[in-house]
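J.: Just a sequence and a predicted model for now, questions to come.
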Amino acid sequence: MKPALFDHVAPASIADAVAALAGHPGAMVIAGGQSLLPAMNFRLATPPALIDISRIAELKTLTVTDRAVVVGAMVRHRTVELDPAVARAQPLLAAALAHVAHVPIRNRGTVVGSLCHADASAEMPLLLLLTDGHMVVAGPTGRRTIAAADFFRFHLTTSRAADEIALEAHFPVLPAGAGWAFEEVARRSGDFALASVGVIVERAADGTARKVAIAAGGIASRPIRLTEAENALLGTTLNDETVELAAQAAAAAVTAPGDIHASAPCAASWWRRSSARPSPPHATAPPPPDRDRRRPPPARTAPPPQPPGSDRPTEEDGPDDPDPKEDGPRNIR
Amino acid sequence: MSDKIKITLTVNGTAMTAEVEPRRSLADMLRDDLRLTGTHLGCEHGVCGACTVLVDGKPVRSCLMFGVQANGASVRTVEGLADGDRLHPLQQAFWENHGLQCGFCTPGFLMLAAGALEENPDMTDEEIRDVLSSNLCRCTGYQNIVKAVRLAAEVMKAGPAPQATRS
């Protein structure tokens, strides 16, 4: 189908964009449009105006600091995926981006757009939550920072207000010496995940896990941290027994109902198999920047920088599961 | 609302202008306003890839992009592949290896492969399959498309490849 009529506004500055959004009630922000255009073509979304942020130069910057990978709102998935500095600082990004739809979609779609779209099965929301990242948004009253734990509210729903524009996402770098893994189960290459999981483990000198972060997508109405599974691994050496206990805790966190792609028990089974597989950390050669991105990073000895916002409590799940609206087109974004 | 906007862009090396409603997709703008009907529309929601074109050298779904978003861009479509009567190596390889049957999906596959091979002329078989998994073919099947792209890649590397566009 064709979209409904709308006005196109293309401001050249953040201030003008915020003013334009305030001046057009019901308007939506468009960056890459790879989720919004399908919704508009189906007329699931009929915004009276689109605020096109593609002309705002300062939103096109991708910065890697010693603390975080900072992704501007107009930075495309593919740019982040192929950036060697990003791969060194936070290898989970490239590993997860390889699962985001297909190359032509990643050439247009943006990381921040995906975060704002907040599909419960999408990879970028999972990663922001896993890394204890945060968003920076701008509205009529100024800018504010929103921690990942407070950003994702429900399927396709975030705590960004209707008059706010997301400016950038901060993904903290992988802590020095940490191991990581990202796995997902999908029906076909490029489809949304039926279940996905990311893991970061830091080990103490005696080999026990001293920090564990596990986040999951596709199994609830939003990406979630698996606190019980994290606790099952914390303070232990990672062996078959403790990993199995963590997998059992992870399987108990599935609240999404079954759909056309997978019955709930089937999804739980895949999820358990998928979540039991990662076994970080490994000490191995660093991954080449653009190829074979799934290899774990090298073990490092320097103390890790403390990522911002990492002292926030994790929560296990939203109050409003199960999600009654899990179906709909799944292989587009 | 929806006043027409004047768009200036380069298509296959030629500067072009169009006046389009903001809701006009790039695909519809190419077909209906610029009369370049080689780009095909299948699903119109980003799943099938039939409408794939190159925007600033990268393959994208032209149904998931508004014409106004292409203002100032360089667009290449299937019409720009051949050099006069001489087929592009990808077109030649599709011809010789039965990479098409009904041909509806072919423009999208050709532009997808053209963009991918320009980014990485040394794709492995696995990488070719991964890239091609973006697009759907409902009759030929994928084996011959994979084969055609692999053989075209060899031809393009071996000889002085003809320019994909005249830009």
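T.: Perfect, thanks for sending it. Since the model is a prediction, treat every value here as computed from it, not as a measurement.
J.: now stretch A:207-227: mean pLDDT?
T.: Mean pLDDT, stretch A:207-227: 95.
J.: OK, now which residue of the stretch 51-200 of chain A is nearest to chain B?
T.: Chain B sits closest to A:H102 of the stretch 51-200 of chain A, with a gap of 3.4 Å, by C-beta to the nearest C-beta. For every residue, glycine as well, the C-beta is placed using N, CA and C.
J.: Backbone dihedrals for that residue, please?
T.: phi -130, psi 170 (degrees, to the nearest 10).
J.: Now it: closest residue in space that isn't a chain neighbour?
T.: Nearest residue to A:H102, sequence neighbours excluded (C-beta to C-beta, 6 or more residues apart in numbering or on different chains): B:S134, at 3.4 Å.
J.: again with B:V149
T.: B:A113 (4.7 Å).
J.: The one you found sits in which helix or strand?
T.: Assigning secondary structure by DSSP states H and E places B:A113 in helix B:106-119.
J.: Tell me how many other residues crowd the residue of the stretch 51-200 of chain A closest to chain B.
T.: 25 (other C-beta atoms under 10 Å in any protein chain shown).
J.: isn't it right up against A:G190?
T.: Yes - with contact defined as C-beta atoms under 8 Å, A:H102 counts as touching A:G190 (4.5 Å).
J.: so what sits against both of the two?
T.: Common neighbours of A:H102 and A:G190 (criterion: C-beta atoms under 8 Å, 6 or more residues apart in numbering or on different chains): B:S133, B:S134.
J.: Looks to me like A:A232 is in a helix.
T.: Yes - counting by DSSP: H, G, I helix; E, B strand; the rest coil, A:A232 falls inside a helix.
J.: can you pull the contacts of it?
T.: A:A232 neighbours (C-beta under 8 Å, 6+ apart): A:T242, A:L245, A:A246, A:Q248, A:A249.
J.: ok, now with 7 Å
T.: A:T242, A:L245, A:A246, A:A249 (C-beta atoms under 7 Å, 6 or more residues apart in numbering or on different chains).
J.: Over to A:I165?
T.: Residues counted as contacts of A:I165 (C-beta under 7 Å, 6+ apart) are A:A17, A:V18, A:L21, A:V29, A:I53, A:V137, A:A138.
J.: Sitting in helices, which of those do you find?
T.: Within the contacts of A:I165, residues falling in helices by DSSP state H are A:A17, A:V18, A:L21.
J.: how far does stretch A:135-155 stretch from start to finish?
T.: 18 Å (C-alpha to C-alpha, to the nearest Å).
J.: Please compute how far it lies from its chain's middle.
T.: In this view, stretch A:135-155 has its centroid 14 Å away from the chain centroid, taken as C-alpha atoms, centre = their mean, to the nearest Å.
J.: avg pLDDT for the helix holding B:A113?
T.: When pLDDT is averaged over helix B:106-119, the result is 98.
J.: Next, the contact list for B:A73, please.
T.: B:L9, B:V55, B:D56.
J.: which residues does the second one form a beta bridge with?
T.: Assessed by DSSP bridges, B:V55 has beta-bridge partners B:K58, B:V75.
J.: That one: how many residues sit nearby?
T.: Neighbour tally, B:V55, other C-beta under 10 Å: 23.
J.: correct me, but it touches B:Q69?
T.: No - taking contacts as C-beta atoms under 7 Å, B:V55 lies outside contact range of B:Q69: 8.8 Å.
J.: Overlap in contacts, those two.
T.: Joint contacts of B:V55 and B:Q69 (C-beta under 7 Å, 6+ apart) do not exist.
J.: Let's see the distance spanning stretch A:247-257 from one end to the other.
T.: Span of stretch A:247-257 from end to end, C-alpha to C-alpha: 19 Å.
J.: buried residues in that stretch?
T.: Buried positions in stretch A:247-257, judged by neighbour count with 16 or more other C-beta atoms under 10 Å in any protein chain shown: A:A247, A:A249, A:A250, A:A251, A:A253, A:V254, A:T255, A:A256.
J.: Chain B: which of the residues you listed is nearest?
T.: A:A256 (22.2 Å).
J.: for that closest one, helix, strand, or coil?
T.: Per three-state DSSP, A:A256 ends up coil.
J.: And for A:A213?
T.: Following three-state DSSP, A:A213 is assigned to strand.
J.: Where does B:A27 sit, in terms of helix or strand?
T.: Applying DSSP H and E, one finds B:A27 within helix B:26-28.
J.: Check whether that helix comes near chain A.
T.: No - Helix B:26-28 is not in contact with chain A by C-beta under 7 Å from any C-beta of the partner chain; minimum separation 7.6 Å.
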